[in-house]
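Colleague: Here is my input, please return the structure:
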Amino acid sequence: MRISTDISGRRLWAIVRREFNEIIRDPLYMTLALLVPAFILVTFGFGLVLDIEHVPTGVLDRDDTRLSRTYVDAVAASESFDVVQRYSDFPTMEEDLRAGRIRAAVIVPQGFERDYHHGRQGEVQFIIDGVIPVRAEITRTFAESIHQQFLGSLNEGRWHLPHLGRGSVDISARIEFNSELRSANFIVPGLIATTLMYYPALLTTLSIVREKESQTILSLYCSPISKAELLLGKLLPYLMISLVNAVVLMGLALYVFEVPFRGSLALVAFATVLYLFATCSVGMLISVLVNTQVAAILVTMVTTLLPSFLYTGFFTPLSASKWSIWLIGRFLPTTYYLDILRGVFLKGTGWSMNWPTLTTLAVYSIVLYWISFKCFSKRIR
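Modeller: So this is what the prediction gives:
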């Protein structure tokens, strides 16, 4: 049998025109084909910001003299650190550092000016949140650089301070919560949160879209089953499967990657159930918008996977991000779940410190399910 390799321009154009008609006939497919590449570029361009500046910083000035205040002003004047809180006691500052409200702390010891005046050695302490190792190491370098610049300016008389002796001032930059700067301690909890955002949503979406494509969902539309029963019946199996996946992922984190676990297992379990209910509800909502499995996969990836990597504090803490990135992150459930995971795993945060985040996750779960319930219709579209 001879296979023809001749190409007819007329027949080729007919196929091309037919394919364009198929694309135009499906507005969602047309949108995905034309807008998704630009959306990915813009998402990564704005979200993947690795610059380290404006680190939220707390100050505990135990000396409260002109020299110590000048030192704090030098730290605040840099682009690397933003002094957002001044403390009168160490426990309060430590609690804020553990909760992530500040990412660095500066402690000026009592007798700072007196020791320098009498030619004795003093020491300023920087405590840096080490949850994100690369940022912590660079932040420590910035702290040491600012310290050296301060000493140089002080010795050159730029601060216009009264005559002081020539004591020495050392810096102790300590990294907390991940002192070994292990990347696995930072990456693995983030990957758990991102994976549990994408796959439960995808599985839930495909469960309905698959039946749309095969038309088997029509029998459910025509049955006396209520909309709430249909949605929950579709959602709960994938919630249970996702819980099994969550247990597996946690086990891998602890025993394969050896990520430390310093908090409450019950807290993580409760937060995971809330989070998975929210992510499965996202999948339900996406299934309302799409009718093919290919579109379901693309839409789920674009709306869950990419934002979870870029706008939730995975690489850069939201507190140190631009206002626009911070705002987007506050609308993503992954932001709150990731805060809980890293806090419990690395910092040992408990229920009292995480209850606002848990409340937010619970609200997201209810709101997302309510939206998917309102948008879902037992009618053929």
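
Colleague: domains of the chain?
Modeller: 55-176, 183-375 (automatic domain parsing).

Colleague: Any chance of JSON lines for those, columns distance to residue 13?
Modeller: To be clear about C-beta, it is placed using only N, CA and C from the backbone, and glycine gets the same treatment. Formatted as JSON lines, the domains of the chain follow (distance: least, C-beta to C-beta, whole Å):
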{"stretch": "domain 55-176", "distance to residue 13": "54"}
{"stretch": "domain 183-375", "distance to residue 13": "26"}
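
Colleague: Nearest to residue 34, out of those?
Modeller: Set against residue 34 and scored by C-beta to C-beta, the domains of the chain come closest in domain 183-375, at 12.6 Å.

Colleague: Which of the domains of the chain sits closest to residue 42?
Modeller: domain 183-375 (10.5 Å).

Colleague: Report the rounded mean pLDDT for the closest one.
Modeller: Averaging pLDDT along domain 183-375 gives 89.

Colleague: just how off-centre is it within its chain?
Modeller: Relative to the chain's own centre, domain 183-375 is displaced by 13 Å; criterion: C-alpha atoms, centre = their mean, to the nearest Å.

Colleague: What is the end-to-end distance of stretch 85-96?
Modeller: Distance across stretch 85-96, first residue to last, is 10 Å (C-alpha to C-alpha, to the nearest Å).

Colleague: Rebuild the domains of the chain as TSV, extending it with distance to residue 20 and mean neighbour count.
Modeller: Formatted as TSV, the domains of the chain follow (distance: least, C-beta to C-beta, whole Å; neighbours: other C-beta atoms under 10 Å):
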stretch	distance to residue 20	mean neighbour count
domain 55-176	47	17
domain 183-375	18	19
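
Colleague: Would you mind measuring from residue 307 to residue 333?
Modeller: Shown here: residue 307 relative to residue 333, a distance of 10 Å by C-beta to C-beta, to the nearest Å.

Colleague: Flag the shaky bits of the stretch 51-200 of the chain, pLDDT-wise.
Modeller: In the predicted model of the stretch 51-200 of the chain, residues 51, 156-168 satisfy pLDDT under 70.

Colleague: Can you identify each of the helices in it by residue range?
Modeller: In the stretch 51-200 of the chain, the helices defined using DSSP state H, counting those that start in this stretch lie at 66-77, 90-99, 112-117, 133-155, 183-214.

Colleague: Tabulate those in CSV, adding columns for distance to residue 286.
Modeller: Formatted as CSV, these follow (distance: least, C-beta to C-beta, whole Å):
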stretch, distance to residue 286
helix 66-77, 45
helix 90-99, 33
helix 112-117, 58
helix 133-155, 33
helix 183-214, 5
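
Colleague: which residues sit in contact with the residue nearest to the spatial centre of the chain?
Modeller: For the chain, the residue nearest the mean C-alpha position is residue 312 (2.3 Å; C-alpha atoms, centre = their mean). Applying C-beta atoms under 8 Å, 6 or more residues apart in numbering to residue 312 gives the contacts 193, 194, 318, 329, 332, 334, 335, 338.

Colleague: Is it in a helix, a strand, or coil?
Modeller: coil (DSSP: H, G, I helix; E, B strand; the rest coil).

Colleague: In what element of secondary structure is the residue nearest to residue 208 when sequence neighbours are not counted found?
Modeller: In space, and not counting its chain neighbours, residue 208 is closest to residue 287: 3.9 Å by C-beta to C-beta, 6 or more residues apart in numbering. Following DSSP states H and E, one finds residue 287 within helix 265-289.

Colleague: That helix relative to helix 183-214, how many degrees between them?
Modeller: Relative orientation of helix 265-289 versus helix 183-214 (axes from the mean of the first three to the mean of the last three C-alpha atoms, to 10 degrees): 40 degrees.

Colleague: if we compare the domains of the chain, which one ends up closest to residue 43?
Modeller: domain 183-375 (5.3 Å).

Colleague: first vs last residue of that closest one, how far apart are they?
Modeller: 42 Å.

Colleague: which residues does the closest residue to residue 326 other than its chain neighbours contact?
Modeller: Leaving aside its sequence neighbours, residue 326 sits nearest to residue 318 (C-beta to C-beta, 6+ apart; 4.9 Å). If you count contacts by C-beta under 8 Å, 6+ apart, residue 318 has them with 312, 325, 326, 329, 330, 335.

Colleague: next one: phi and psi at the fifth one?
Modeller: As for residue 330, its main-chain torsions (degrees, to the nearest 10) stand at phi -70, psi -10.

Colleague: gap between residue 302 and residue 368?
Modeller: From residue 302 over to residue 368 the distance is 17 Å, taken as C-beta to C-beta.

Colleague: on that earlier part again, other SSEs contacting the helix holding residue 287?
Modeller: helix 183-214, helix 227-255, helix 293-300, helix 333-342, helix 351-375 (3 or more C-beta pairs under 8 Å, 6 or more residues apart in numbering; DSSP states H and E).

Colleague: and the angle from it to helix 333-342?
Modeller: Inter-element angle recorded for helix 265-289 and helix 333-342: 160 degrees (by the same axes, to 10 degrees).

Colleague: tell me the angle helix 265-289 makes with helix 351-375.
Modeller: Using the same axes, to 10 degrees: helix 265-289 against helix 351-375 is 20 degrees.

Colleague: report the angle between the axes of helix 265-289 and helix 227-255?
Modeller: Going by the same axes, to 10 degrees, helix 265-289 makes 130 degrees with helix 227-255.

Colleague: All set, thanks.
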